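Peer 1: requesting a structural model of the entry that follows:
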Amino acid sequence: MARFTPLAAFACAALVAAPTSAKPPAERSVPVNPEPSMADKFPQVAVAFPGGVKAWRDVTYQVNPGYRPQIVDIYVPAGKGPHPLVLYIHGGGWMGGHTRQSGAFDNFPKMLAAFAAEGFTVASVEYRLSGEATFPAQAKDIFAALRFLRQNAAQYHIDPSRVGVFGGSAGGHLAALTGLACTDGKIDATLDPASANDGCVQATAAWYGIHDFATMPRITQKDSAEQRLLGCKDSTCTPEAIRAASPISYVDVKDAPVLLLHGVDDKVVPVGQSQQLEAALKAAGVPVSATYYPGIDHSFMGATPDDTRRTSLKAMNITFDFFHDKLGVPRK
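Peer 2: The predicted structure follows:
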């Protein structure tokens, strides 16, 4: 038997350590722009909903330096269209909430997709909250979202001449403001100069919204949601700031039709807010329809689960029928 000597071990080690002729790995390479790029290139994949609806989530409609990107979910019905656009604006006291919830509805994205299946492109928008920026940043964001959607009408099968907005609570306020802050077919430039050439909406629905800050009881309370929105200094909101944020200030005879829905026993936003706006719209000759639900609190909450369910479904059906009528989409 051959002995494994130290010399043999040295020879084996030398053989193992001998240099090879293998090529070095290829240098890594990815696309590089000539300038810094802030574009979000993560793939946008459509989500399928019943009825042939496809939805794109978290689509960026605006990027303001120093703020998170503003996003919108977009639900597109089957068929080439173009379809009327309806934009939903969430509530939450301008301090919270998100684009995929509303009141007691269990699955709000599914509800919006079902509405889209009836022949609308439906979008649900995020906006800057009051902890991020004070008014009118929120209104500017809504106008920017509508501008983005109109500019991308072909991609999302939108008819930019038929647009509606709706929302609840803080979203009801912003929906009413969006619908009413319009003069001679253009957005009020004093509210948002960037939107001065943008077209108006053709229908507005507001659920339990704030329409006149001057008559909101909390407007004098330090750190209330209203004061945080307006950025009131020394706990005092100026008449100018109150007027600028109040949808009722913008009412004129040329406003598009409005739907108002509100619970009579609302303890968060008094029903008088919608009643005041209804009276102002009627006085100006603006088409308005209002429904007030006895025994119903904020967010269409009733004394029993059945009351909540019944009122929520009534409000949903009235709202969807309103947009069918005003935006010219026959019921199937």
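
Peer 1: show me the strands in this structure, by range?
Peer 2: 47-49, 53-62, 70-76, 83-89, 121-125, 158-168, 182-183, 186-187, 203-207, 258-263, 288-293 (DSSP state E).

Peer 1: can you put those in a markdown table and add mean neighbour count and mean pLDDT?
Peer 2: No exception for glycine: its C-beta is placed from N, CA and C like everyone else's. Output for those, formatted as a markdown table (neighbours: other CB atoms under 10 Å; pLDDT from 0 to 100):
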| stretch | mean neighbour count | mean pLDDT |
| --- | --- | --- |
| strand 47-49 | 14 | 94 |
| strand 53-62 | 19 | 96 |
| strand 70-76 | 24 | 97 |
| strand 83-89 | 26 | 98 |
| strand 121-125 | 27 | 98 |
| strand 158-168 | 23 | 98 |
| strand 182-183 | 19 | 86 |
| strand 186-187 | 20 | 87 |
| strand 203-207 | 29 | 98 |
| strand 258-263 | 26 | 98 |
| strand 288-293 | 17 | 98 |
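
Peer 1: in contact with the residue most central in space within the chain, which residues?
Peer 2: By CA atoms, centre = their mean, the mean C-alpha position of the chain lies nearest to V125, the distance being 1.6 Å. By CB atoms under 8 Å, 6 or more residues apart in numbering, the contact set of V125 is 61, 70-72, 87-90, 99, 141-142, 145.

Peer 1: before we move on, what about I71?
Peer 2: With contacts defined as CB under 8 Å, 6+ apart, the neighbours of I71 are 58-61, 99, 125-126.

Peer 1: hmm, back to that, looking at the strands of the chain, which is closest to P330?
Peer 2: Closest to P330 of the strands of the chain is strand 83-89 (CB to CB; 11.8 Å).

Peer 1: and that closest one, C-alpha only, in PDB?
Peer 2: Extracted in PDB, the C-alpha atoms of strand 83-89 (Å, rounded to 0.1, in the frame of the first residue of the first chain):
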ATOM      1  CA  HIS A  83     -67.700  55.800 -19.800                       C
ATOM      2  CA  PRO A  84     -68.700  58.600 -17.400                       C
ATOM      3  CA  LEU A  85     -66.300  59.000 -14.500                       C
ATOM      4  CA  VAL A  86     -67.400  59.000 -10.900                       C
ATOM      5  CA  LEU A  87     -64.900  59.900  -8.200                       C
ATOM      6  CA  TYR A  88     -65.300  58.800  -4.600                       C
ATOM      7  CA  ILE A  89     -63.800  61.000  -1.800                       C
END
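
Peer 1: all helices for this structure, in order.
Peer 2: Assigned by DSSP state H, the chain shows helices spanning 6-17, 108-116, 137-151, 170-180, 225-230, 239-245, 272-284, 305-326.

Peer 1: so which elements touch the fourth one?
Peer 2: If I follow you right, that is helix 170-180. Contact here means 3 or more CB pairs under 8 Å, 6 or more residues apart in numbering; DSSP states H and E; on that basis helix 170-180 packs against strand 83-89, helix 137-151, strand 158-168, strand 203-207, strand 258-263.

Peer 1: for those, give me JSON lines that also has distance to A283.
Peer 2: Formatted as JSON lines, the helices and strands packed on helix 170-180 follow (distance: least, CB to CB, whole Å):
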{"stretch": "strand 83-89", "distance to A283": "26"}
{"stretch": "helix 137-151", "distance to A283": "24"}
{"stretch": "strand 158-168", "distance to A283": "22"}
{"stretch": "strand 203-207", "distance to A283": "17"}
{"stretch": "strand 258-263", "distance to A283": "13"}
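
Peer 1: which one of these lies closest to A225?
Peer 2: Nearest to A225, of those and by CB to CB, is helix 137-151 at 12.1 Å.

Peer 1: and that closest one with helix 170-180, angle?
Peer 2: Going by axes from the mean of the first three to the mean of the last three CA atoms, to 10 degrees, helix 137-151 is angled at 60 degrees with respect to helix 170-180.

Peer 1: with respect to I318, which of the contacts of V125 is nearest?
Peer 2: Y88 (15.2 Å).

Peer 1: that closest one and N197, how far apart?
Peer 2: According to CB to CB, to the nearest Å, Y88 stands 24 Å off from N197.

Peer 1: what's the answer for R128, then?
Peer 2: 22 Å.

Peer 1: these two: which is more packed in?
Peer 2: R128 (19 against 10; other CB atoms under 10 Å).

Peer 1: tally of neighbours for the closest residue to the more buried one other than its chain neighbours?
Peer 2: Spatial nearest neighbour of R128, chain neighbours left out: A137 (4.7 Å); criterion: CB to CB, 6 or more residues apart in numbering. Residues near A137, counting by other CB under 10 Å, number 19.

Peer 1: tell me the pLDDT of A137.
Peer 2: pLDDT recorded at A137 is 97.

Peer 1: before we move on, what about A241?
Peer 2: Taking A241 on its own, its pLDDT is 95.

Peer 1: what's across from the closest residue to F166 other than its chain neighbours in the sheet?
Peer 2: The shortest distance from F166 to any non-neighbouring residue, by CB to CB, 6+ apart, is to A205 (3.7 Å). In this entry, A205 is beta-bridged to F166, L259, by DSSP bridges.

Peer 1: surely A205 touches L259?
Peer 2: Yes. In this structure, A205 is within contact of L259 by CB atoms under 8 Å, at 4.1 Å.
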